[in-house]
Every structure is written in C-alpha cells, then in structure tokens.
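Asker: pasted the sequence and its predicted model underneath.
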Amino acid sequence: MAKATATVWVCQKCGGQSQRELGKCPHCKEWNSLVEERAPSAAGAAKGMAARGGFRLREVKPVAYGEVESQDDARVSSGIDEFDRVLGGGIVPGSLVLIGGEPGIGKSTLIIQVADKLSARGQRVLYVSGEESERQIKMRGERLGLKAENLLLLPETNLENIFDEIERSGPGAVIVDSIQTVFSSKIESAPGSVSQVREVAGQFLMLAKNSSIPVFLIGHVTKDGSIAGPKTLEHIVDTVLYFEGERHHNHRIIRATKNRFGAANELGVFEMTGAGLVPVANPSEMFLQERPVGVAGSVVTACMEGTRPVLVEIQALVSGSKYGTGRRMAQGFDANRIALLIAMLEKRIGLHLLGDDVFVNVAGGLEIDEPAADIGVVAAIASSFKNLPLDAHTAVFGEVGLTGEVRGAMQAQVRAREAQALGFKKIVMPASNTAGLERLIGLRVVGVRSVEEALNELF
C-alpha cells in the first residue's frame, strides 16, 4: 500500500504552519488564510539547498573590516532622478528591490522606463515576464516611445529556466514581473503560495549577492493594501518600494518603506502622462496648486518625507450631526490620532465637538504619518468649527500632546526654508525650534508653546 503524502497547512499571510486545518492562523490571527501544501521531505530540502538555479556560488571567506572596499561610489544612476532619490542615491549592485502597488498604478510602466534608461547606457537588462507576452511589453514600450536596444524579454515562469538564461546572457540587471508568477520545480506547491514565493525570493537574493546583479521584483497587493506574500518576503529583500495614492490622480507617489542602503520613508513623486511617468521636481508646489483661498478648514502644514520637506494642505469639515455622537472620518491621516486631537480640543480649548461630524482629508492623495502634522489638523478642525479662514500665506507644523502643549519637531530649519521658498510670509511652529530661524528673509517665525497660543495667533 502506497504511503500517504504528508501535508501541512501554511498561512498565506505570515508563513506560519499548522498540522491541521484551522479557521484562524494561530500565529498572526488572520482568518481563512491557511492553505494545504505538501510538506517537503528532508531529502528534497537538502537537494534544493544543494542546487541553486544555474549560477555558481562564489567562495566565501572571512574578511577583515578594514580590508573591505567602500561602496559609496558603486551606485549606478537609473536615469530617473526621483527613482534614484527613493533608492537612496541610485541602484546598488547586488541589491534586491521589491516594488508593490495596486493594479494599474504604474509599476510596470516605471520599471520598463528604468530598463530603457539602463539599456541606453549600454547595459544589458533581462525583463522576465510571467503575466505578459513579449508582444504586449513591446506595445507598451512603443506607446511610451522607448527604444531599449539592450533589453531582453523573457516570458518565462520556471525559476530554473530563468537562471539558465541569466547564466547564458549575463545581464547587468534583472527585472521580474511578477514574483508571484515564478515557481521552482523543486517545490511541489502551487505558484504564488508562501513556499514558492519564499523559495523564489531567496534564490534571487543569492543570485544578486553572488553575482552583484541588481534584481527588481514586482509584487501584487492584497485587499488591505499590503504586498501579497508572507512578511518574510519583505525581510528578504534589501529595499521595499510602494506606490501610494489613488490611481485616478495624475500623480504617483512612491515611498521606500524599507531601505538598507538609504533613508527609509523616502518619497518620490511622478506625474502620469502619455509618455509614461515624469518626475516632479517640486512636489510641494504640485500639492498646493489647487488650494482654495479664503475658505475655512484649509491649513498648510510642513511635513518631512524622508529627507525631503513637503508642504501639503490639510482640509477639515465640521458639520452638525442628527445623532448623539458624531462620526470621525479621515483620508490620508490616522483616524485614531484625530480622535485624540478632538478629545484634546474638547478638554483643553473648550470646542464642543462631541455631537459634530468631523472629516479630515490630506489633499492630493498623500498619506501623512508623522506627529508634526498634529497642529495642522488641529488648526483645520478649529477653522472649520469657527467658520473662520486662515491666512493663505501662513504655514504650521508641530506635535501636539494631550495636555495641549506643542512639542518640537525634527529638521525645523528645512521645513521653514521650504515654506520660505514657496512664498509663505508666516510660519507657526514650536517655540523650542525657533532658534536660528530669525535670519530667514521675508518669513515671520512665530514660536508657540501650547495649542491655545497657536490658535490665538492663527485667528
């Protein structure tokens, strides 16, 4: 009698394993995420570790720290300034980059533009496509006006065949679109499963580190907006780039949520045109170009996205509710943080907002997660509640505590200079950050220590 094949239940969210079917993953508590997969045998696992695609592993020996050559000048420009900024200054040889975003937001468009720029410099690029044929990629390239003379298209999903082609052609960069479609014949589970994604990403990591070839992986996005696959996939790669914002807007925002070679949370802004994604040199001007003037509930705040200062408009709408408790809704800002700020306004300032609906929106589709935008949210809510517009040439920033104090923020000088460059006349900021800002010509710097002082100055 044939022996039954051992199976395990693997969570498609976190990669945890269970010996039996469960409705909820015991590791990450996600519901209906366990999928049955065949458990790899010890012999199969050893065979998979012994054979790693078609490339040769270099011999590894310990090296003294002082003998390691510096890699500061090893970065290669992609030819797109905003993409280089997000990567931390350029493409690092041997890096593994994961690019995620919603369908149709521009992942493939951006990466094929990068491939065109690299191929124009004589560098051979291998584009592995598991979802589109070479003719479909050619049609997109013609629509964007690309030449890409050194771009090789490979419509293949088998990992071993891909590595054989890499060994044969010797490209300077590899693009995989997408990681969920590639599978290894050494793993018996279906393509896109946790086991396949983890194995494929691990082998591409070994390829990048042993051959110094930069590899770009494009990943799908789940319903909750996170990159599909286990969290271990984000731990394996060196850099995670994520498209933010609505795909219905003309601009596209790319954020580095993880970067081993540069600043995390770095931001790159592009504009979607008929010729593809065009870099935006001044994002602050773009976010403020449609700002209404003389309207209550609109405030400009200075934020830091990585190393870049960005001025954005925060809009608030406070309206009466027919029910006893008002609703709190937010777009681009943490709703829980807004609830804390509203409670602070109720207790410390005396604004009765309990029975009113409060809606907060960050104009332009940008998502803000830093506490220095607190004073902007508070000022916008107070402006809408009092129905008093703020001065159009005034910007604010600062963290707000539950006792009503305004705390200092990092890189205050950079924020103030950005406001000065865009023509603002006054900036309201924490009093602890005003040192050294008296020399800014044409900008009046006002330091405040509490929310009450800030509102008195603004109104």
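Answerer: Noted; the coordinates are in hand.
Asker: pLDDT score for R247?
Answerer: On the pLDDT scale, R247 is placed at 65.
Asker: for the stretch 201-350 of the chain, which segments count as strands?
Answerer: Under the criterion DSSP state E, counting those that start in this stretch, the stretch 201-350 of the chain contains strands at 215-219, 239-244, 251-259, 267-273, 276-279, 298-305, 308-320, 328-331.
Asker: and the fourth one, how far from the chain's centre?
Answerer: For strand 267-273, the separation from the chain centroid amounts to 13 Å (computed by CA atoms, centre = their mean, to the nearest Å).
Asker: repeat that for the fifth one.
Answerer: Relative to the mean C-alpha coordinate of its chain, strand 276-279 is positioned 17 Å out (CA atoms, centre = their mean).
Asker: what is that strand packed up against?
Answerer: helix 81-87, helix 107-120, strand 267-273 (3 or more CB pairs under 8 Å, 6 or more residues apart in numbering; DSSP states H and E). Every residue, glycine included, has its C-beta placed from N, CA and C.
Asker: quick one: strands adjacent to whichever helix or strand comes after the longest one?
Answerer: By that I understand helix 107-120. From helix 107-120 onward toward the C-terminus, using DSSP states H and E, the following helix or strand is strand 125-129. Note on strand 125-129: by DSSP bridges, its sheet partners are strand 151-154 (parallel), strand 173-177 (parallel).
Asker: identify the residues contacting E457.
Answerer: 428, 446, 448 (CB atoms under 8 Å, 6 or more residues apart in numbering).
Asker: those in strands, which ones?
Answerer: Cross-referencing the contacts of E457 with the strands (criterion: DSSP state E) gives 428, 446, 448 as the overlap.
Asker: the residues you listed, buried ones only, as a PyMOL selection?
Answerer: Command for PyMOL, covering only those of these found buried under the criterion 16 or more other CB atoms under 10 Å:
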select buried, resi 428+446+448
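Asker: same list (the ones in strands among the contacts of E457) but as TSV, adding pLDDT and distance to G101.
Answerer: Shown next, in TSV, are these (pLDDT from 0 to 100; distance: CB to CB, whole Å):
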residue	pLDDT	distance to G101
V428	97	36
V446	95	40
V448	97	39
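Asker: go through the helices and strands packed on strand 276-279 and name the closest to W31.
Answerer: The minimum distance between W31 and these falls on helix 107-120, with 28.4 Å, by CB to CB.
Asker: show me how far the closest one is from its chain's centre.
Answerer: On the basis of CA atoms, centre = their mean, helix 107-120 is displaced by 19 Å from the centre of the chain it belongs to.
Asker: which other helices and strands contact it?
Answerer: Contacting helix 107-120 under the criterion 3+ CB pairs under 8 Å, 6+ apart are the following elements: strand 96-100, strand 125-129, helix 134-144, strand 151-154, strand 173-177, strand 215-219, strand 276-279.
Asker: among these, which is the most enclosed?
Answerer: Mean neighbour counts were compared across the helices and strands packed on helix 107-120 using mean count of other CB atoms under 10 Å; the top stretch is strand 215-219, at a mean of 27.
Asker: which residues in the protein form helices?
Answerer: Secondary structure of the chain (DSSP state H): helices at 42-50, 81-87, 107-120, 134-144, 159-169, 194-211, 231-236, 283-288, 335-344, 374-386, 412-421, 451-458.
Asker: in CSV: those, plus distance to V360 and mean pLDDT.
Answerer: Converted to CSV, the helices of the chain look like this (distance: least, CB to CB, whole Å; pLDDT from 0 to 100):
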stretch, distance to V360, mean pLDDT
helix 42-50, 51, 45
helix 81-87, 27, 94
helix 107-120, 29, 94
helix 134-144, 37, 93
helix 159-169, 46, 94
helix 194-211, 37, 90
helix 231-236, 29, 80
helix 283-288, 16, 91
helix 335-344, 5, 95
helix 374-386, 6, 97
helix 412-421, 20, 94
helix 451-458, 16, 96
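Asker: right, so of those helices, which gets closest to E69?
Answerer: Across those, closest to E69 is helix 194-211 (CB to CB), at 15.7 Å.
Asker: tilt between the closest one and strand 215-219?
Answerer: Angle, helix 194-211 to strand 215-219, by axes from the mean of the first three to the mean of the last three CA atoms, to 10 degrees: 160 degrees.
Asker: helix 194-211 to strand 96-100, inter-axis angle?
Answerer: 140 degrees.
Asker: tell me what helix 194-211 is packed against?
Answerer: In terms of contact count using 3+ CB pairs under 8 Å, 6+ apart, helix 194-211 is assigned the packing partners strand 7-11, strand 34-38, strand 96-100, helix 159-169, strand 173-177, strand 215-219, helix 231-236.
Asker: quick one: the first one to helix 194-211, angle?
Answerer: Calculated by the same axes, to 10 degrees, strand 7-11 forms an angle of 70 degrees with helix 194-211.
Asker: what's the average pLDDT for strand 7-11?
Answerer: Mean pLDDT, strand 7-11: 82.
Asker: quickly run through the sheet partners of that strand, with directions.
Answerer: As assigned by DSSP bridges, strand 7-11 forms pairs with strand 17-18 (antiparallel), strand 34-38 (antiparallel).
Asker: how many neighbours does N387 have?
Answerer: Residues near N387, counting by other CB atoms under 10 Å, number 9.
Asker: find the residue closest to it in space, skipping its chain neighbours.
Answerer: The spatially closest residue to N387, leaving aside those adjacent along the chain, is A296, at 4.9 Å (CB to CB, 6 or more residues apart in numbering).
Asker: surely the one you found meets A380?
Answerer: No: proximity of A296 to A380 does not meet the contact threshold set by CB atoms under 8 Å, at 9.0 Å.
Asker: neighbour count: those two, which is higher?
Answerer: A380 (27 against 18).
Asker: residues in contact with the more buried one?
Answerer: Listed by CB under 8 Å, 6+ apart, the contact set of A380 reads 297-299, 314-316, 360.
Asker: now do 10 Å
Answerer: The contact partners of A380, taken as CB atoms under 10 Å, 6 or more residues apart in numbering, are 296-301, 313-318, 358, 360-361, 390, 396.
Asker: what of E438?
Answerer: If you count contacts by CB under 10 Å, 6+ apart, E438 has them with V445.
Asker: would you mind measuring from it to V445?
Answerer: Here E438 is placed at a distance of 7 Å from V445 (CB to CB, to the nearest Å).
Asker: same check on E21?
Answerer: In this structure, E21 and V445 are 63 Å apart, going by CB to CB.
Asker: do N387 as well
Answerer: Distance from N387 to V445, counting by CB to CB: 28 Å.
Asker: same check, this time on M344
Answerer: Remark: distance between M344 and V445 (CB to CB) = 24 Å.
Asker: ditto for L402
Answerer: Where V445 is concerned, L402 sits at a distance of 26 Å (CB to CB).
Asker: can you show me the CA trace of stretch 15-24 as CSV?
Answerer: C-alpha atoms of stretch 15-24 as CSV (Å, rounded to 0.1, in the frame of the first residue of the first chain):
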residue,chain,number,x,y,z
GLY,A,15,4.0,31.9,6.6
GLY,A,16,3.2,30.0,9.8
GLN,A,17,2.5,26.3,9.7
SER,A,18,-0.1,24.1,11.3
GLN,A,19,-0.6,20.3,11.3
ARG,A,20,-4.3,20.6,10.8
GLU,A,21,-6.9,22.9,9.2
LEU,A,22,-7.9,25.9,11.4
GLY,A,23,-10.2,28.7,10.7
LYS,A,24,-7.7,31.3,12.2
